[in-house]
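Peer 1: fold the stuff below for me.
(one chain, ligands or ions: 2)
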Amino acid sequence: MKHFLGKKTTIKYPETRKEYSEIYRGRHVLKRDDEGRERCTACGLCALACPAEAISMVAAERKPGEEHLYREEKYAKVYEINMLRCIFCGLCEEACPKEAIFLTKQTVNSGYRRDVFIYGKELLVESVDADKRIDVSKRQTEEVKNFKKEKNQRHNR
Ligand code: SF4
Ligand code: SF4
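Peer 2: Ligands and ions are numbered 1, 2, ... in the order given. Next up, the predicted model:
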């Protein structure tokens, strides 16, 4: 009777939606820098840190004239995350020395085929349009930012 009369814990989705926490670990975004260049350098640390082996990538060398596209000499020609494998632990975000990959509040869409859950760069890299960039400031604590500035840490080179 106590539970019957008490406040309901369920909501009437989709009319009512729950607010996600600012640091909810949902689908990933690959960030661009202030000039719109891709931050990822295909170093592979995120893939190495991933316990689910969900990340794969192919690195490529930046060619002359592509400096406006990629921030460093190396970039990810292919970058894929298998969302069916991912357990949204956030270790890829922690491992990245380039502030390139972050989890977001967005959820992964449902689908009927397995292949639609392989997210490539077309789904992961954020828009070049400054108005459509994804704000990740809530996920970047001062401690993390300061740690990533320490060049004597092998992780940050
Ligand atoms: S959130 Fe965790 S499981 Fe998912 S890709 Fe990143 S490291 Fe792998
Ligand atoms: S750790 Fe960061 S820079 Fe390195 S491959 Fe992953 S997303 Fe790119």
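
Peer 1: and this structure, which of its residues are near ligand 2?
Peer 2: 40-46, 57, 95-96, 98, 100-101 (C-beta under 6 Å from any ligand atom). In this view, the C-beta of every residue, glycine as well, is placed from N, C-alpha and C.

Peer 1: and stretch 58-68, what's buried?
Peer 2: Buried residues in stretch 58-68, counting neighbours by 16 or more other C-beta atoms under 10 Å, are found at residue 62.

Peer 1: can you flag the buried ones in the residues of the chain next to ligand 2?
Peer 2: 40-43, 45-46, 57, 95-96, 98, 100-101.

Peer 1: I'd like the residues you listed as TSV, with pLDDT and secondary structure appended.
Peer 2: What follows is those, written out as TSV (pLDDT from 0 to 100; DSSP: H, G, I helix; E, B strand; the rest coil):
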residue	pLDDT	secondary structure
40	97	coil
41	96	coil
42	97	coil
43	96	coil
45	96	helix
46	97	helix
57	97	strand
95	93	helix
96	93	coil
98	92	coil
100	96	coil
101	97	strand
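
Peer 1: let me know the closest of these to residue 78.
Peer 2: residue 57 (5.9 Å; C-beta to C-beta).

Peer 1: so that closest one makes contact with residue 74?
Peer 2: No - taking contacts as C-beta atoms under 8 Å, residue 57 lies outside contact range of residue 74: 10.6 Å.

Peer 1: what sits in contact with each of these two?
Peer 2: Shared contacts of residue 57 and residue 74, defined by C-beta atoms under 8 Å, 6 or more residues apart in numbering, are found at residue 42.

Peer 1: need the residues that contact the top helix by length along the chain.
Peer 2: Criterion DSSP state H: the longest helix present in the chain is helix 142-149. By C-beta under 8 Å, 6+ apart, the residues outside helix 142-149 that reach it are 94, 97, 99, 153, 156.

Peer 1: next one: residue 153 from residue 92, what distance?
Peer 2: 18 Å (C-beta to C-beta, to the nearest Å).

Peer 1: so between these two, which is more surrounded?
Peer 2: residue 92 (25 against 11; other C-beta atoms under 10 Å).

Peer 1: any idea how far the strand or helix carrying the more buried one is from the chain center?
Peer 2: Residue 92 belongs to helix 91-95 when assigned by DSSP states H and E. Averaging C-alpha positions (C-alpha atoms, centre = their mean, to the nearest Å) puts helix 91-95 9 Å from its chain's average.
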